[in-house]
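Colleague: When you get a sec, could you give me coordinates for this:
(chains A and B)
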Amino acid sequence: MKLATWNVNSLNVRLPRVLDWLAQQQPDVLCLQELKLEDHKYPRAELEAAGYRSHVFGQKTYNGVAILARDGVEVGDVATGLAGFDDEQKRVIAATVDGIRVVCAYVPNGQAVGTDKFDYKLRWCAAAEAYLRDALKRFERLAFVGDLNIAPEARDVHDPAAWEGLVHFTPQEREAFARWRGVGLADCFRLFDQPPMTFSWWDYRMLAFPKNRGLRIDHILASPALAKRCVSCTIDRNARKGEKPSDHAPVIAQFEK
DNA sequence: ATGGCAATGTTTCATTGA
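Modeller: Numbers count the residues shown, from 1 in each chain, chains lettered A, B, ... in the order given. Here you go, the predicted model:
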């Protein structure tokens, strides 16, 4: 199964690029974040015409997530939000897809250390940990994917010295990511040799993309039973090129049966 | 060879993102 995740930074704006990308990559499952639209404005018909069925948890202006599955791929048990964590922001949708529990998440940005938003991010990450611990008891094959908004290690940051202590690369956030790994999830990208300086997000400003000044903050994490079936994990930086790109690139993992 | 913020709504600026 080919599984991908992509923060599209407005599906309204990005739809043509998403359709192109689906035609080119033909994933079995695509998890989207930052739809920035309500469910009734979701371009369901266009995506169905492209051969994908969608499960959507949308929100106006901010957030919003979806799981798309190629026609013929079985999807069941759709759930939204983090059970037990009261959250007005639409950041999580989960579904069982072809026997794999897929949790599609848009982790809060956190703005800056010391702000309410940073506290919310840390509380959110702790709630996600509890959610994942419970999910791992119920689903042998589990994938936790999305814009997790944390660069887990120095090699995931173009300039770790400059970023140390800044949001996305604070010790507290790295610890939160480590705890997700601690419940039994593997970072699929690091199961393989990777080119150095591979990132999934680049600022729109300051020539960040051409200079490759990015962060690896989009991830596919897998339970032990799923990780051992992972045969590749890559980031498609080509999707960051050209006209009107998202500031994030898709992460793609392939799992054998 | 990439390109020098982008998207949204509160809309001609403010807010948010990362």
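Colleague: got a list of what A:Trp21 touches?
Modeller: For A:Trp21, the residues meeting the contact criterion (Cβ atoms under 8 Å, 6 or more residues apart in numbering) are A:Trp6, A:Asp236, A:Ala239, A:Pro250. No exception for glycine: its C-beta is placed from N, CA and C like everyone else's.
Colleague: By neighbour count, which of those residues wins?
Modeller: A:Trp6 (28 neighbours; other Cβ atoms under 10 Å).
Colleague: Now name the helix or strand holding that residue.
Modeller: Counting by DSSP states H and E, the element that carries A:Trp6 is strand A:2-7.
Colleague: So what touches that strand?
Modeller: Contact with strand A:2-7 is made by A:18, A:21, A:25-34, A:100, A:102, A:104, A:106, A:143, A:145-147, A:201, A:218-220, A:239, A:246-255, as judged by Cβ under 8 Å, 6+ apart.
Colleague: and DNA strand B, which of these reach it?
Modeller: Counting by Cβ under 7 Å from any atom of the strand, A:Glu34, A:Asp147, A:Trp201, A:Asp247, A:His248 from the contacts of strand A:2-7 sit close to DNA strand B.
Colleague: Filter these down to just the ones in strands.
Modeller: In this view, those that belong to strands under DSSP state E are A:Asp147, A:Trp201.
Colleague: Grab the two from the ones next to DNA strand B among the contacts of strand A:2-7 that are most spread out in space.
Modeller: For these, with distances taken as Cβ to Cβ, the pair at the greatest spread is A:Glu34 and A:Trp201 (11.5 Å).
Colleague: Contact residues of the stretch 51-200 of chain A facing DNA strand B?
Modeller: So far as Cβ under 7 Å from any atom of the strand goes, the stretch 51-200 of chain A lies against DNA strand B at A:Lys60, A:Thr61, A:Tyr62, A:Pro108, A:Asn109, A:Gln111, A:Ala112, A:Lys117, A:Asp147, A:Asn149, A:Val167, A:His168.
Colleague: swap the cut-off to 10 Å and go again
Modeller: Contacts of the stretch 51-200 of chain A with DNA strand B, taken as Cβ under 10 Å from any atom of the strand, map to A:59-63, A:89, A:106-112, A:115-118, A:120-121, A:147, A:149-151, A:163, A:166-169, A:199-200.
Colleague: Tell me if I'm right that A:Ala227 and A:Asp187 touch.
Modeller: No. Applying Cβ atoms under 8 Å as the test, A:Ala227 and A:Asp187 come out as separate, 9.0 Å apart.
Colleague: Strands along the stretch 101-250 of chain A, start to end?
Modeller: A:142-147, A:186-187, A:201-202, A:214-215, A:218-222, A:230-235 (DSSP state E, counting those that start in this stretch).
Colleague: Given the second one, what are its sheet partners and their directions?
Modeller: Looking at strand A:186-187 with DSSP bridges, its partner strands are strand A:218-222 (antiparallel).
Colleague: quick one: the strand it pairs with to chain centroid distance?
Modeller: Here strand A:218-222 is found 7 Å from its chain centre; the criterion is Cα atoms, centre = their mean, to the nearest Å.
Colleague: ok and that strand relative to strand A:230-235, angle-wise?
Modeller: Angle between the axes of strand A:218-222 and strand A:230-235 is 170 degrees (criterion: axes from the mean of the first three to the mean of the last three Cα atoms, to 10 degrees).
Colleague: For strand A:218-222, C-alpha coordinates in CSV please.
Modeller: Extracted C-alpha coordinates of strand A:218-222, given in CSV (Å, rounded to 0.1, in the frame of the first residue of the first chain):
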residue,chain,number,x,y,z
ASP,A,218,5.8,16.1,8.3
HIS,A,219,6.0,12.5,9.2
ILE,A,220,4.8,8.9,8.8
LEU,A,221,5.1,7.0,12.1
ALA,A,222,4.3,3.3,12.2
